[in-house]
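Engineer: with the input below, show me the fold.
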Amino acid sequence: MHASFPRLAALALALLPALAACGGGSGTGGDALRPDQVGAEYHLCSLTFTPDGGSPPALDVRGAVMDTSPANLPVLRVGKTVAGFELEYLKKGDVLRPRFQGSYSTRADAVVLQFDGGGDLTGTLLLPQKLTLAFRAAPRRLDLTGYGFYTVSRSDYERVSGKSFPNARDQISGTLAGSLSEGACS
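Structural biologist: Numbering: from 1, shown residues only. You can find the predicted model right below:
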């Protein structure tokens with residue numbers, strides 16, 4: 001039994017929206033970036049936690065915690081062949097070089113870092129366990145802009161800032177912003 005041309009045409013028209021939504025492959029709206037595209041050594045140029053409502057004040061985490069002298073710039077090494085990374089920096093006024101490691105995944109325009117371990121990351125750098133960074137190819141950059149609200153403890157915030165905020169809530173909600181560059185920070 002053969003279907004008539006009008007029936008085939010109607011079926012094809014009905015399927016067009018579903019076929020278009022597939023995006024030609026992964027169904028994610030575009031091909032994910034590959035490790036060889038994003039893999040590099042990035043300098044941490046800025047990292048700021050901004051509490052909701054402006055109190056306590058925004059905190060330059062990079063400047064408060066890290067030695068930012070040219071010889072000791074904080075660095076994020078993103079694997080070119082393996083989806084792993086390492087964040088390394090020199091603590092201000094110290095000889096220790098803390099390293100946080102993890103794995104990453106990619107999207108069409110972003111790199112998603114998943115840190116291994118736990119509380120030390122939040123307590124030391126006010127970072128969540130998972131970060132999504134927008135990727136720019138030229139010049140190669142990773143940007144963290146207005147990262148969704150998340151919460152840090154007041155004691156962690158005070159430790160990183162080096163100041164006391166007795167009137168702040170025990171849990172401080174805020175956003176994170178920052179940038180990383182393969183070349184020099186501008």
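Engineer: now do the strands in the protein.
Structural biologist: Along the chain, counting by DSSP state E, strands occupy 40-51, 59-60, 75-78, 84-88, 99-106, 110-115, 130-136, 141-153, 171-181.
Engineer: could you say which one of these comes nearest to Val160?
Structural biologist: Val160 lies closest, by C-beta to C-beta, to one member of the strands of the chain: strand 59-60, at 6.5 Å. To be clear about C-beta, it is placed using only N, CA and C from the backbone, and glycine gets the same treatment.
Engineer: tell me the strands beside the closest one, with direction?
Structural biologist: Partners of strand 59-60 in the sheet, by DSSP bridges, are strand 40-51 (antiparallel).
Engineer: alpha carbons only: can I get the partner strand in PDB?
Structural biologist: Extracted in PDB, the C-alpha atoms of strand 40-51 (Å, rounded to 0.1, in the frame of the first residue of the first chain):
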ATOM      1  CA  ALA A  40      45.500  26.100  28.300                       C
ATOM      2  CA  GLU A  41      47.200  27.800  31.200                       C
ATOM      3  CA  TYR A  42      45.000  30.700  32.300                       C
ATOM      4  CA  HIS A  43      46.000  33.500  34.700                       C
ATOM      5  CA  LEU A  44      43.400  34.400  37.200                       C
ATOM      6  CA  CYS A  45      42.900  38.100  36.500                       C
ATOM      7  CA  SER A  46      40.000  38.900  38.900                       C
ATOM      8  CA  LEU A  47      37.700  37.100  41.400                       C
ATOM      9  CA  THR A  48      35.100  39.100  43.300                       C
ATOM     10  CA  PHE A  49      32.300  37.900  45.600                       C
ATOM     11  CA  THR A  50      29.500  40.400  45.900                       C
ATOM     12  CA  PRO A  51      27.000  39.900  48.700                       C
END
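Engineer: spatially nearest residue to Leu73 (excluding sequence neighbours)?
Structural biologist: Spatially, and ignoring its direct neighbours in sequence, Leu73 is nearest to His43 (4.8 Å; C-beta to C-beta, 6 or more residues apart in numbering).
Engineer: list the contacts of the one you found.
Structural biologist: 73-75, 180-185 (C-beta atoms under 8 Å, 6 or more residues apart in numbering).
Engineer: let's see that with 7 Å instead.
Structural biologist: Listed by C-beta atoms under 7 Å, 6 or more residues apart in numbering, the contact partners of His43 are 73-75, 180-181, 185.
Engineer: again with Glu88
Structural biologist: Neighbour list for Glu88: 75, 97, 99 [criterion: C-beta under 7 Å, 6+ apart].
Engineer: quick one: pLDDT of the closest residue in space to it that isn't next to it in sequence?
Structural biologist: Spatial nearest neighbour of Glu88, excluding adjacent residues (C-beta to C-beta, 6+ apart): Arg99 at 4.8 Å. pLDDT recorded at Arg99 is 87.
Engineer: swap in the one 10 residues further on?
Structural biologist: Note on Asp109: pLDDT of 93.
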